[in-house]
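[1] sequence and predicted model, in that order:
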Amino acid sequence: MSEQSDPPRDRQHGVAAGDRRPLGEPPPPSDPAASTGSSRQVARVRSRIGRSGPFLGGVVATFLALVAYGLINPAPRPLTVADVNEAVGSALASQTPAPPRSELVYAAIQPSLVFIAVDEPAGAPAARGVGTGVVVNDTAEVLTALHVVNGATAIHLTFADGSTSEATISVRQPDHDIAVLQPASPPASTVAATLGNPAVMQIGSEAYVVGNPFGLYGSLSTGVVSGLDRSYQAVDGGPEFKGLIQVDAAVNPGNSGGPLLDRNGRVVGIVTALVNPTRQDVFIGIGLAVPIDVAGGAAGLPPY
């Protein structure tokens, strides 16, 4: 039995004796089938990469957009105690109520208000009487109640700016208890009152009376219209006044001749009387005013 031996090798080149080729000779070509399989695998990998490219690009673009947004719009800083206090203060300030209606009414009429003091004739119960008037035009003519100045030996006016002047009666309307006074030296600037429309006043409408009761300058009283088209005749005789507005806003001596105002501060009447069956000049709840469309006619004013 013979022993099998390995094929002889070329000890110099370390190759099998059957695979000898000269040095430098390229290896034999590879198997075409194997090359084709490898190419197909590479193509498949490239195709997969190509298909995933847009997705990866979108992810990168989204990340960059988020980074850019964070840089442009940084997150708000945390609220501090000072921020909270400021917000609370602002909210409370916005809830501050508007001033009372009576304040607005008074502010509207006060620049036109006139204090009237008269020297009474000899034998009168008092040496001096007081009343109220209101400036009704640019020439500083003053509308008031005739009984305030009738028979006076001198009439003294004090305007809202503190200036004073003597005055004379330029117009008398005894049938309506209305007089127009012309100041001898009117102030440099006057503010004429705004006239309202007494026809829109109804029972229950807000009513404001501003005047100088008992000589207390610029006093305001509030109430409502409590009657319309009232008639009144003084207990000591004289003409009967008709078409009067009745109010429950306080009227006392010194208010006569002053303005009756609506809720917008417009003059709707001139106070003429208070009703008191006890013959005492104190208010018991009924005041009367001549509508301004009647009273204003004495000064040549339009109906309202």
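    Nice, I can see it.
[2] what's the local residue count around A82?
    Residue neighbour count, defined by other C-beta atoms under 10 Å, stands at 8 for A82. Every residue, glycine included, has its C-beta placed from N, CA and C.
[3] V134 now?
    Neighbour tally, V134, other C-beta under 10 Å: 25.
[4] swap in A167?
    Should you count by other C-beta under 10 Å, A167 turns out to have 27 residues around it.
[5] doesn't V148 lie inside a helix?
    Yes: looking at V148 with DSSP: H, G, I helix; E, B strand; the rest coil, it is inside a helix.
[6] how about it: what's its closest non-neighbour residue?
    Excluding its sequence neighbours, the residue lying closest to V148 (C-beta to C-beta, 6 or more residues apart in numbering) is G131, at 3.3 Å.
[7] look up which residues are beta-bridged to that neighbour.
    I116 (DSSP bridges).
[8] gap between the two ends of stretch 148-168?
    13 Å (C-alpha to C-alpha, to the nearest Å).
[9] so who does A250 touch?
    209, 213, 221, 223, 283, 287 (C-beta atoms under 8 Å, 6 or more residues apart in numbering).
[10] how close does it get to D281?
    13 Å (C-beta to C-beta, to the nearest Å).
[11] likewise for S90?
    Counting by C-beta to C-beta, the gap from S90 to D281 is 53 Å.
[12] more neighbours: the two, which one.
    Per other C-beta under 10 Å, whichever of S90 and D281 has more neighbours is D281, with 13 against 9.
[13] what's near enough to touch the closest residue to S219 other than its chain neighbours?
    The shortest distance from S219 to any residue other than its chain neighbours is 5.4 Å, reached at P213 (C-beta to C-beta, 6+ apart). Applying C-beta under 8 Å, 6+ apart, one finds that P213 lies in contact with 219, 250-255.
[14] do that again at 10 Å, thanks
    130, 132, 219, 221, 250-256, 258, 274, 283 (C-beta atoms under 10 Å, 6 or more residues apart in numbering).
[15] tell me the buried residues in the longest strand that the chain contains?
    Identified as the longest strand of the chain according to DSSP state E is strand 219-232. Within strand 219-232, the residues scored as buried using 16 or more other C-beta atoms under 10 Å are 219-223, 225-226, 228, 230, 232.
[16] counting by contacts, list what that strand packs against.
    helix 101-109, strand 206-211, strand 241-247, strand 259-261, strand 267-274, strand 287-291 (3 or more C-beta pairs under 10 Å, 6 or more residues apart in numbering; DSSP states H and E).
[17] ok, back up a step: would you point out the most distant pair within the contacts of A250?
    P213 and G223 (14.0 Å; C-beta to C-beta).
[18] in the chain, which spans are helices?
    32-72, 81-94, 101-109, 146-149, 292-295 (DSSP state H).
[19] least reliable of those helices going by mean pLDDT?
    For the helices of the chain, mean pLDDT drops lowest on helix 32-72, to a mean of 67.
[20] circling back to that earlier point, what do A250 and D281 both touch?
    With C-beta under 10 Å, 6+ apart, A250 and D281 have common neighbours L274.
[21] avg pLDDT for stretch 261-270?
    96.
[22] nearest to F115 among the helices and strands packed on strand 219-232 would be which one?
    When the helices and strands packed on strand 219-232 are ranked by proximity to F115 (C-beta to C-beta), strand 206-211 comes first, at 9.0 Å.
[23] pairing partners for that closest one, with directions?
    strand 219-232 (antiparallel), strand 259-261 (antiparallel).
[24] adding distance to I270, write those out as JSON lines.
    Formatted as JSON lines, the strands paired with strand 206-211 follow (distance: least, C-beta to C-beta, whole Å):
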{"stretch": "strand 219-232", "distance to I270": "14"}
{"stretch": "strand 259-261", "distance to I270": "7"}
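[25] gap between the spatially closest residue to D281 that is not a sequence neighbour and G133?
    Distance criterion C-beta to C-beta, 6+ apart; nearest residue to D281, sequence neighbours excluded, is P253 at 4.6 Å. Taking C-beta to C-beta as the measure, P253 falls 15 Å from G133.
[26] neighbour count winner among these two?
    Comparing P253 with G133 by other C-beta under 10 Å, the one with more neighbours is G133, at 33 against 18.
[27] wait, that one touches V267, no?
    No: judged on C-beta atoms under 10 Å, G133 makes no contact with V267 at a distance of 11.4 Å.
[28] show me whatever sits in contact with both of these two.
    112, 143, 258-259.
[29] which residues sit against stretch 72-81?
    By C-beta under 10 Å, 6+ apart, stretch 72-81 touches 83, 86-87.
[30] will you turn those into CSV that also has distance to S189?
    Below are these laid out as CSV (distance: C-beta to C-beta, whole Å):
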residue, distance to S189
D83, 49
E86, 44
A87, 46
